[in-house]
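[1] sequence isn't available, so here's the structure alone:
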């Protein structure tokens with residue numbers, strides 16, 4: 001659909017001439033006065049308004065005021081035959097995009113319109129992206145109702161509007177970066193950049209340059225100037241993950257930034273003032289590092305203004321079903337497949353599992369189930385042995401009952417191999433020796449079951 005343009009000019013030949021030039025590419029409306037333009041703007045949404053400055057009755061300045069006061073203001077351009085610098089400056093201060101002098105250069109006009117519309121489209125896309133980020137990192141999207149995660153959410157709500165430095169602690173995979181993003185998106189800096197740096201992923205000799213930048217010739221291989229992540233985060237939030245991995249020289253520079261709010265690029269002595277909110281995260285015990293002398297005490301106290309502890313998943317087991325449901329829905333939509341459902345005992349097994357990889361491990365598990373099972377009902381026989389081996393006992397399926405319940409699991413923790421043997425044995429008993437039915441109960445192919453029985457022939461004889 002072509003962009004709509006309103007041309008406002010009390011000279012008929014100018015209006016008609018511009019319409020003839022532009023109407024092949026745009027939806028063009030004409031107004032002979034400011035009042036006529038007001039009526040059109042009240043009834044039609046325009047993307048560009050091009051108005052003459054001096055007209056009989058109300059001036060073009062009134063048209064600019066009206067256009068820019070609309071809920072979704074158009075791009076406004078001004079035309080004048082007088083080339084008045086003062087008028088042009090006043091119009092630009094009001095918010096006009098640009099001005100042109102008469103007689104108009106039509107090629108320049110077309111170029112300005114195209115450039116303005118492109119910029120308007122980019123701004124709209126950026127705003128939509130910000131809206132999606134606001135939604136994604138809203139407090140409602142931090143999944144969980146356990147007291148542990150409620151404490152975190154309340155802390156984030158309190159600290160987000162402030163300018164305070166935040167230290168986020170927790171095991172790997174607990175969602176520390178998600179919390180950093182939530183702090184940023186719910187702060188006054190949400191329209192500024194969010195720059196994340198994983199300190200452990202960069203070699204020590206590269207981290208300093210990556211963070212603070214360098215001047216050309218600062219060291220061997222520095223063939224051009226480089227702007228670092230600190231400067232890239234100006235006006236926004238800088239998130240430094242795994243802060244416990246930085247060496248002494250970077251610790252000193254980070255401390256200096258926190259004291260002066262300025263940095264110096266490598267190879268330069270000129271300070272660069274920056275406006276940055278700093279959020280750092282670690283899976284290490286910084287206080288213990290301070291006691292051992294591997295982390296500066298003064299830096300620790302500078303970072304430890306607001307401290308947020310991310311609980312491991314094993315300390316918020318009531319949230320596991322909610323997180324599973326959240327990620328199953330997410331990955332089902334992403335892959336355009338039906339969501340899986342979990343049998344009750346599966347949910348119990350997953351709640352009992354300790355999740356050493358925390359939310360990251362659970363997320364990967366949910367994606368695997370969605371992609372590999374595609375709408376199926378997940379039984380405990382679909383689970384990897386690491387899940388079932390962590391459960392000391394589960395009720396056996398009732399004799400003659402539904403096969404969906406599956407055979408019993410061992411009553412005490414055993415090796416993965418012993419657990420697998422018992423599962424196969426119980427399935428064969430349940431299926432009265434029918435290998436096809438036993439394979440179905442186990443959620444494996446008949447070929448896989450044959451291979452297992454060839455490896456452990458005693459299982460088949462026991463089943464008989």
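    Arrived safely. Not measured: the values here are computed from a predicted model.
[2] now stretch 44-62: buried residues?
    Neighbour counts over stretch 44-62 (16 or more other C-beta atoms under 10 Å) mark 46-53, 55, 59-62 as buried. Glycine gets a C-beta too; all of them are placed from N, C-alpha and C.
[3] what sits opposite residue 266 in the beta ladder?
    Legend: beta-bridge partners of residue 266 under DSSP bridges are residue 214.
[4] residue contacts, it?
    Counting by C-beta atoms under 8 Å, 6 or more residues apart in numbering, residue 266 touches 208-209, 212-215, 218-219, 222.
[5] same thing but at 7 Å, please
    Residue 266 makes contact with 208-209, 212, 214-215, 218-219 under the criterion C-beta atoms under 7 Å, 6 or more residues apart in numbering.
[6] who wins for most neighbours among these?
    When neighbours are counted by other C-beta atoms under 10 Å, residue 212 leads the contacts of residue 266 with 23 neighbours.
[7] please name the nearest non-neighbouring residue to that residue.
    Spatially, and ignoring its direct neighbours in sequence, residue 212 is nearest to residue 228 (4.5 Å; C-beta to C-beta, 6 or more residues apart in numbering).
[8] so residue 155 makes contact with residue 310?
    No - Residue 155 is beyond contact range of residue 310, at 10.5 Å (criterion: C-beta atoms under 7 Å).
[9] these two: which is more packed in?
    Neighbour count, other C-beta under 10 Å: between residue 155 and residue 310, residue 310 has more, with 23 against 18.
[10] contacts only, for the more buried one.
    Shown in contact with residue 310 (C-beta under 7 Å, 6+ apart): 152, 168-170, 174-176, 179.
[11] go with 10 Å
    Residue 310 sits next to 148-149, 152, 168-171, 173-176, 178-179, 281, 283, 316, 358-359 when contact means C-beta atoms under 10 Å, 6 or more residues apart in numbering.
[12] picking that back up, joint contacts of residue 155 and residue 310?
    Both residue 155 and residue 310 are contacted by 168, 179, under the criterion C-beta under 10 Å, 6+ apart.
[13] what helix or strand does residue 371 sit in?
    Counting by DSSP states H and E, the element that carries residue 371 is helix 358-373.
[14] quick check: buried residues in that helix?
    358-359, 361-363, 365-367, 369-370, 373.
[15] for these, give me a markdown table that also has pLDDT and distance to residue 111.
    Below are these laid out as a markdown table (pLDDT from 0 to 100; distance: C-beta to C-beta, whole Å):
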| residue | pLDDT | distance to residue 111 |
| --- | --- | --- |
| 358 | 94 | 54 |
| 359 | 93 | 51 |
| 361 | 94 | 54 |
| 362 | 95 | 53 |
| 363 | 94 | 48 |
| 365 | 94 | 54 |
| 366 | 94 | 51 |
| 367 | 94 | 48 |
| 369 | 93 | 54 |
| 370 | 93 | 49 |
| 373 | 87 | 56 |
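[16] report the two of these separated the most.
    358 and 373 (22.7 Å; C-beta to C-beta).
[17] hmm, back to that, nearest to residue 184, of the contacts of residue 266?
    Closest to residue 184, out of all of the contacts of residue 266 and judged by C-beta to C-beta, is residue 212, at 21.0 Å.
[18] test my guess that the closest one contacts residue 254.
    Yes - if you go by C-beta atoms under 10 Å, residue 212 and residue 254 touch, sitting 9.4 Å apart.
[19] and for the two, which residues touch both?
    Shared contacts of residue 212 and residue 254, defined by C-beta under 10 Å, 6+ apart, comprise 230, 263.
[20] which elements pack onto the helix holding residue 371?
    The contact analysis (3 or more C-beta pairs under 10 Å, 6 or more residues apart in numbering; DSSP states H and E) places helix 358-373 against helix 320-335, strand 341-342, helix 344-352.
[21] name the SS class of residue 450, please.
    Following DSSP: H, G, I helix; E, B strand; the rest coil, we place residue 450 in the helix state.
[22] skip the chain neighbours and tell me the closest residue to it.
    Per C-beta to C-beta, 6+ apart, closest to residue 450 is residue 435, 7.1 Å.
[23] what is the nearest of the buried residues of stretch 44-62 to residue 386?
    Ranked by distance to residue 386 (C-beta to C-beta), those are led by residue 47 at 57.5 Å.
[24] what's the closest one in contact with, if anything?
    Residue 47 neighbours (C-beta under 10 Å, 6+ apart): 2-6, 26-27, 72, 74-75, 113, 116-117, 120-121.
[25] buried subset of the residues you listed, written for ChimeraX?
    Selection of the buried residues among the contacts of residue 47 in ChimeraX, burial being defined by 16+ other C-beta under 10 Å:
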select :3,4,5,6,26,74,75,113,116,117,120
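[26] where exactly do the helices run in the stretch 151-300 of the chain?
    With DSSP state H, counting those that start in this stretch as the definition, the stretch 151-300 of the chain shows helices at residue ranges 176-185, 204-212, 229-232, 248-260, 286-292, 297-303.
[27] quick one: residue 386 and residue 420, what's the gap?
    12 Å (C-beta to C-beta, to the nearest Å).
[28] likewise for residue 61?
    According to C-beta to C-beta, residue 61 and residue 420 sit 82 Å apart.
[29] residue 165 now?
    50 Å.
[30] one more: residue 256?
    Per C-beta to C-beta, residue 256 is found 58 Å from residue 420.
[31] on that earlier part again, show me the contacts of residue 310 that map onto strands.
    Judged by DSSP state E, the contacts of residue 310 include 168-169, 281 as members of strands.
[32] any low-confidence regions in the stretch 201-350 of the chain?
    Residues of the stretch 201-350 of the chain meeting the criterion pLDDT under 70: none.
[33] higher neighbour count, residue 256 and residue 420?
    Between residue 256 and residue 420, counted using other C-beta under 10 Å, residue 420 has the larger neighbour count: 18 against 15.
[34] so what's the more buried one up against?
    Going by C-beta under 10 Å, 6+ apart, residue 420 touches 385, 388-389, 414, 442, 452, 456, 459.
[35] save these as JSON lines, and put in neighbour count and pLDDT too.
    Output for the contacts of residue 420, formatted as JSON lines (neighbours: other C-beta atoms under 10 Å; pLDDT from 0 to 100):
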{"residue": "385", "neighbour count": "13", "pLDDT": "84"}
{"residue": "388", "neighbour count": "23", "pLDDT": "80"}
{"residue": "389", "neighbour count": "19", "pLDDT": "77"}
{"residue": "414", "neighbour count": "14", "pLDDT": "45"}
{"residue": "442", "neighbour count": "24", "pLDDT": "72"}
{"residue": "452", "neighbour count": "18", "pLDDT": "79"}
{"residue": "456", "neighbour count": "14", "pLDDT": "76"}
{"residue": "459", "neighbour count": "18", "pLDDT": "71"}
